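Asker: Okay, sequence plus prediction incoming.
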Amino acid sequence: MSIRLENINYIYSPDNAFRKHALKDINLEIREGEFVGIIGHTGSGKSTLMQLFNGLLRPASGHLYYDKSDIFEEHYNLKILREKVGLVFQYPEHQLFETTVLKDVCFGPKNQGLDEQSCIEKASEALRLVGLKEKYWEKSPFELSGGQKRRAAIAGVLAMQPEVLILDEPTAGLDPRGKNDILEQIKKLHQELKITIILVSHSMEDVAKYANRLIVMNQGRIYFDDVPKGIFKRYQELEAIGLAAPSVTYIMDRLRKKGFAVSADAMTVDEAKEEILKFLGKDK
Amino acid sequence: MIREITIGQFYPENSIIHKLDPRVKLFGTIAFIVMIFTVNNIGGYILTAMALAGVIRMSKVPVKYMLKGLKAILFILIFTAVLNIFFTPGTVLFEYKFIRISEEGITIAIKMAIRFIFLIMGSSVMTLTTTPNHLTDGLEKSLSPLKKIKIPVHEISMMMSIALRFIPVLLEETDKIMKAQQARGADFETGNIFKRAKSLIPIFIPLFISCFRRANDLAMAMEARCYHGGDGRTKMKPLKYYRYDYIAYFIIFIYIAGIIFLNQSTLF
Amino acid sequence: MGIIKSKDLEFEYINHSEDGEIESVNKAIAGVNIDIEKGDFIVILGHNGSGKSTLAKQMNAILQPTRGSLWVNGINTKDEENLLSIRRMAGMVFQNPDNQIIGSIVEEDVGFGPENIGVATDDIWKRVEESLSAVKMLDYRSHSPNKLSGGQKQRVAIAGVMAMKPDCIVLDEPTAMLDPNGRKDVIRTITELNKAAGVTIILITHYMEEAISADRIFVMDDGKIVMEGMPREIFTQVEKLRTLRLEVPQVTELAYELRQAGVAISDGILTIDELVDELCQLG
């Protein structure tokens, strides 16, 4: 599985007063098994980019190759692409519509043309993967809590067994525990299913913990594309475009400026703690 | 495509048309539309076209916005024209097997097309120069005598303004839901009419539910800001006639008289 | 008596089945006593389901207590006749930016509240301009709300409430649907309103960082207030907050972890400056 974008440009409403050049000359390659975070604030183009990956939007120019085939070519089967590239939009619980949770999760497999039995098998597996207990499966999706609805919606996409899972702000609107639960679940999916995960977010701290590659977008362009530690070192440039590195990065930087010989690489509280303790000679 | 519909889209400008009382504009638009369908000679068409052009010019709104509304009805326009051309009996101009084009057909097709165009552009002028709230205020004031017979004029006009305010929001939401379902393999384009209608269920149900949720939230927000119906409400932008409104009414009447006169005249 | 005061406040959501039988009872508030003074900046923290939003809705009489009482400026919220006065005194800003904007253009929406309470036309315009200036959205007065960002929409909503000259503003998770910049915008706006104009602010949220400038914090869980105090006192209790499903900012967490590991740092570190200064004195 590979995704390659070549000189992609996307323009909203090209013919009227609301014209917006949302993506400018995007060149990008995503490899199998990666856990990528795409960061940018509202208007950076990240949501637009996401919708190109499964052909929901067509670029004004440029190519997108999935497994070396151009997906915007005339006879390319986008419906099959959407089975392989699963897209979970922000507030996915807004797409629930069926009479039971199980039926809703079966929607994807049904559209793939599978028979009833296979649909139920895939749906059940997907619901297990998101940690939604069986006792909820026959309930109406609207009886579930916010967090449960969200899991059901994600299961709806997982049921198609995609090779790539793209999630737009999966933690939007959740409280801190809800946020951690969902992110941990996504990490488990990455480890168990070995699929490629692309997480679109505007929260650095969330993504830093899980992604092994960060793509920072600003005004329709890719600003940085690197491992998290590499990105956070450039926190001044991040600030200039309205983003911020995790608080820990700033703490370590200030300490270094005051003469502490601590590594600037620490991104999480645990890493920072270890570094400081080492410096103070208090580690065991 | 969905974003480009100009219904309810106000174009802010500093023109006399924008400043006119919405009741004048409502009356003017209705008079204009009624008159369009009574015009029966070239003189009438010319006067109508001149009146429309004059108002558009005075509104300072770029003409291309008026033309946008036309894009939406282009299909109906062509369809009606075709029907008229091919199915109106009369002096035959062209005949091939069962296809018959008559002189009357072409005349009627052209007339209908022109009328539709005037109608759409005339209505566009109104919605582009009047905020939806102003419009519903105008309606509310004009229809207020009906309150005496227990018709809830204020409530109806409040419902209309809120509906208009939420049209763009709901259109955007429909777009989002469609994309989310398409990402799960939903297909809204292939199949016969029954299949396509069924495929819209995954859009309508979430949309309905979202509308109910919005309505609930909105009602709470309105109550939180002390909304309690029309009693005791004052207006931020109360409708008051100014001199230019009276002049506008006068001009509208002259226009109506002009059309009627031209209709009777045998000059054209 | 303070602006908002409650005594033994309880509230139950009662679900009825289709034939009117009581199906389930959810005790959302299980005995709350608060007393909020004029000019305070209060933050009510809690995870989703702790009862904080339900408590917020008691403050402007959208919901009324099942047991106990709540008074706004001395008026009991169970007093049906005084509903409008209560809501004029206690304004509310909700979570969803779109679903509380009624006007098709910004200034019309801000004027909606004053129109409802019968303010004279000229006065309405004055209030609209003052409120929009206070939230720094005066330049957008003729804009359609659809083109605004989430943070801007919430500021318009705040202006809409300010235009009614309330005694206090209750904000029910106003930043939950916003991006980090929008969140900063809103918090900065309400902090300014409180510090510069003395507006009483009651902020309901689950983001602890937003509580740093509060005068007092209440933490809710299971319908009760389980912690109460100033930011420093609350933020230090990292373990307890964790069990309440809340997360302290990274700075405070790091300070706590270092203390646990034996480093002599004082309690209640809230900012990066404080942490760095303390560590420098040790290192």
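Answerer: Noted; the coordinates are in hand. Here the structure is a predicted model, which is why all the values come from computation and not from measurement.
Asker: tell me which residues in stretch A:17-31 are buried?
Answerer: Buried residues in stretch A:17-31, counted by 16 or more other CB atoms under 10 Å in any protein chain shown: A:Ala22, A:Leu23, A:Ile26, A:Leu28, A:Ile30. Using the backbone N, CA and C atoms, a C-beta is placed for each residue, glycine as well.
Asker: how about it, does it get close to chain B?
Answerer: Yes: using CB under 8 Å from any CB of the partner chain, we find that stretch A:17-31 touches chain B at A:Phe18.
Asker: what mean pLDDT would you report for that stretch?
Answerer: The pLDDT scores in stretch A:17-31 average 89.
Asker: contacts for it?
Answerer: Residues outside stretch A:17-31 that contact it (CB atoms under 8 Å, 6 or more residues apart in numbering or on different chains): A:2-13, A:36, A:45, A:48-49, A:52, A:59, A:62, A:164, A:196, A:198, A:215, A:219-222, A:225, B:3.
Asker: Apply 6 Å and report the result again.
Answerer: Contact with stretch A:17-31 is made by A:3-5, A:7-13, A:45, A:48, A:220-221, as judged by CB atoms under 6 Å, 6 or more residues apart in numbering or on different chains.
Asker: can you check stretch A:45-57 too?
Answerer: With CB under 6 Å, 6+ apart, stretch A:45-57 has contacts from A:10, A:22-23, A:38, A:40, A:71, A:78, A:81-82, A:85, A:87, A:166, A:168, A:200, A:217, A:220, B:179.
Asker: so of the residues you listed, which ones are in helices?
Answerer: Counting by DSSP state H, those place A:Leu78, A:Leu81, A:Arg82, B:Lys179 in helices.
Asker: Turn those residues into CSV, columns for distance to B:Lys235.
Answerer: Below are the ones in helices among the contacts of stretch A:45-57 laid out as CSV (distance: CB to CB, whole Å):
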residue, distance to B:Lys235
A:Leu78, 52
A:Leu81, 55
A:Arg82, 51
B:Lys179, 41
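Asker: Where does the stretch 101-250 of chain B get nearest to chain A, which residue?
Answerer: B:Gly185 (3.1 Å; CB to the nearest CB).
Asker: who's in contact with that residue?
Answerer: A:Arg82, A:Gly108, A:Asn111, A:Gln112.
Asker: Tell me how far it lies from A:Ile154.
Answerer: 16 Å (CB to CB, to the nearest Å).
Asker: Which parts of the stretch 151-284 of chain A are helices?
Answerer: With helices called from DSSP state H, counting those that start in this stretch, the stretch 151-284 of chain A shows them at A:176-193, A:204-210, A:228-233, A:235-240, A:247-257, A:269-280.
Asker: need those helices in a markdown table with distance to C:Thr236, mean pLDDT and mean neighbour count, can you?
Answerer: Listed next are the helices of the stretch 151-284 of chain A as a markdown table, based on distance: least, CB to CB, whole Å; pLDDT from 0 to 100; neighbours: other CB atoms under 10 Å in any protein chain shown:
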| stretch | distance to C:Thr236 | mean pLDDT | mean neighbour count |
| --- | --- | --- | --- |
| helix A:176-193 | 17 | 91 | 17 |
| helix A:204-210 | 21 | 83 | 20 |
| helix A:228-233 | 27 | 88 | 20 |
| helix A:235-240 | 27 | 87 | 14 |
| helix A:247-257 | 17 | 88 | 20 |
| helix A:269-280 | 15 | 87 | 19 |
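Asker: Include distance to C:Asp8 when you put these into CSV, please.
Answerer: Output for the helices of the stretch 151-284 of chain A, formatted as CSV (distance: least, CB to CB, whole Å):
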stretch, distance to C:Asp8
helix A:176-193, 29
helix A:204-210, 40
helix A:228-233, 50
helix A:235-240, 49
helix A:247-257, 40
helix A:269-280, 40
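Asker: would you list these in a markdown table and tack on distance to chain B?
Answerer: Formatted as a markdown table, the helices of the stretch 151-284 of chain A follow (distance: least, CB to the nearest CB, whole Å):
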| stretch | distance to chain B |
| --- | --- |
| helix A:176-193 | 17 |
| helix A:204-210 | 22 |
| helix A:228-233 | 28 |
| helix A:235-240 | 29 |
| helix A:247-257 | 33 |
| helix A:269-280 | 35 |
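Asker: what's the burial count for the nearest residue to B:Asn14 once chain neighbours are set aside?
Answerer: In this structure, B:Asn14 finds its nearest non-sequential neighbour in B:Lys60, 7.3 Å apart by CB to CB, 6 or more residues apart in numbering or on different chains. B:Lys60 has 14 neighbouring residues, counting by other CB atoms under 10 Å in any protein chain shown.
Asker: Repeat that for A:Trp137.
Answerer: Residues lying near A:Trp137 (other CB under 10 Å) number 19.
Asker: How about it: what's its closest non-neighbour residue?
Answerer: A:Leu102 (4.5 Å).
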